[in-house]
Structure formats: structure tokens, C-alpha cells
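**Student:** The following comprises the amino acid sequence and a computationally predicted model.
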Amino acid sequence: MVDKEKIQKKINLQKTKNIISKIEGIQVIDYEGPSIFDEEYLRRINYFSSEKIADSKISDCSNDSEVTEWIYKLMDFQIDQIWYIFLNGFLVKIQILDIKTAIMGLWNDIYEYCKGFVLINENKNMMFEFGSDSRDEENYLFDKYPLT
């Protein structure tokens with residue numbers, strides 16, 4: 001008998017690897033998963049809250065260069081810095097090799113039908129989300145979530 005859950009995890013991991021392989025400006029260090037950030041945990045940190053006020057926003061009419069600058073100014077990215085990308089239930093440990101190239105790759109290539117990405121700092125105590133959100137359909141939003 002085949003364990004369907006195990007097969008689904010392998011499929012999700014391969015999807016994650018395929019997406020991450022398109023992103024320039026980063027180096028993958030490791031794939032961790034499935035992560036502790038399941039739906040219940042995300043609810044506890046108000047990740048799904050429609051009441052949350054964005055920490056920052058920029059018009060969704062902004063071009064890629066403007067969005068890159070906005071993200072760059074909000075984050076203290078450093079060359080060789082370690083981050084985790086939260087994707088498909090996995091944490092992908094990455095190292096940033098080229099900051100602006102990495103930002104553009106993350107922004108454009110993580111999701112197929114929208115722009116944005118979710119990062120977790122190296123200490124895993126803060127989550128940062130950039131992108132489209134139903135709370136404000138005219139702007140891209142930036143949200144910070146303290147992790148417990």
C-alpha cells in the first residue's frame with residue numbers, strides 16, 4: 001500500500017525545488033519540511049487575519065524597479081545573509097548572493113498567478129510577507145509577523 005501523504009510531500013518538495021531553481025541571486029542551502037508553519041500555527045499569528053493593518057504598502061501600478069526599491073528599503077538585506085523562504089509547506093534555507101536580483105526573482109517567480117513572497121529570518125523569530133492581498137486590492141502589502 002502506498003502512503004498518499006508521503007507521495008504528496010514528495011510532489012510538493014519537487015514543485016518547491018522547481019520554483020526555487022528559477023530564482024537568480026540566491027543559493028539554496030537546504031530544504032526543511034514540512035515546516036511547523038501549518039494552518040493552525042498561521043492562524044495563531046494572525047497570518048490570515050483580514051483585520052491586520054499592513055506595515056507598509058505600495059501601489060500595484062508600481063513597476064518592478066519601484067517594487068524592488070520598496071522592498072530593499074524595508075529590509076536590511078546583506079550579501080551572504082541567510083533567510084528561509086516559506087513555500088508549499090517547506091522552509092527553503094537560502095543565502096543571498098545578489099540582493100536586488102534576489103528580490104526580483106522572489107517577487108516575480110515564487111507564485112504563478114500573483115507577485116510576492118514570504119521570508120523568515122535566520123533565527124526563525126520573524127516572518128515577512130510581501131505581495132498581493134485581498135485586504136487592499138489596489139496596493140501590494142508588506143506585513144511582519146513575530147513568531148513564537
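**Tutor:** Arrived safely, thanks for sending.
**Student:** which one is residue 17 nearest to, not counting chain neighbours?
**Tutor:** Distance criterion C-beta to C-beta, 6 or more residues apart in numbering; nearest residue to residue 17, sequence neighbours excluded, is residue 31 at 7.1 Å. All C-beta spots, glycine's among them, are computed from the backbone N, C-alpha and C.
**Student:** quick one: contacts of the helix or strand bottoming out on mean pLDDT in the chain?
**Tutor:** When the helices and strands of the chain are scored by mean pLDDT, DSSP states H and E, helix 39-44 comes last with a mean of 81. Outside helix 39-44, the residues that touch it by C-beta atoms under 8 Å, 6 or more residues apart in numbering are 48, 148.
**Student:** Off-centre distance for that helix?
**Tutor:** Relative to its parent chain, helix 39-44 has a centroid offset of 16 Å by C-alpha atoms, centre = their mean, to the nearest Å.
**Student:** Then stretch 29-46?
**Tutor:** Between the centre of stretch 29-46 and the centre of its chain there are 12 Å (C-alpha atoms, centre = their mean).
**Student:** okay, how far is it across that stretch, tip to tip?
**Tutor:** Using C-alpha to C-alpha, to the nearest Å, one end of stretch 29-46 lies 29 Å from the other.
**Student:** for this protein, what spans make up the helices?
**Tutor:** Secondary structure of the chain by DSSP state H: the helices cover 4-20, 39-44, 64-74, 99-109.
**Student:** Can you say which of these is nearest to residue 81?
**Tutor:** Closest to residue 81 of the helices of the chain is helix 99-109 (C-beta to C-beta; 8.6 Å).
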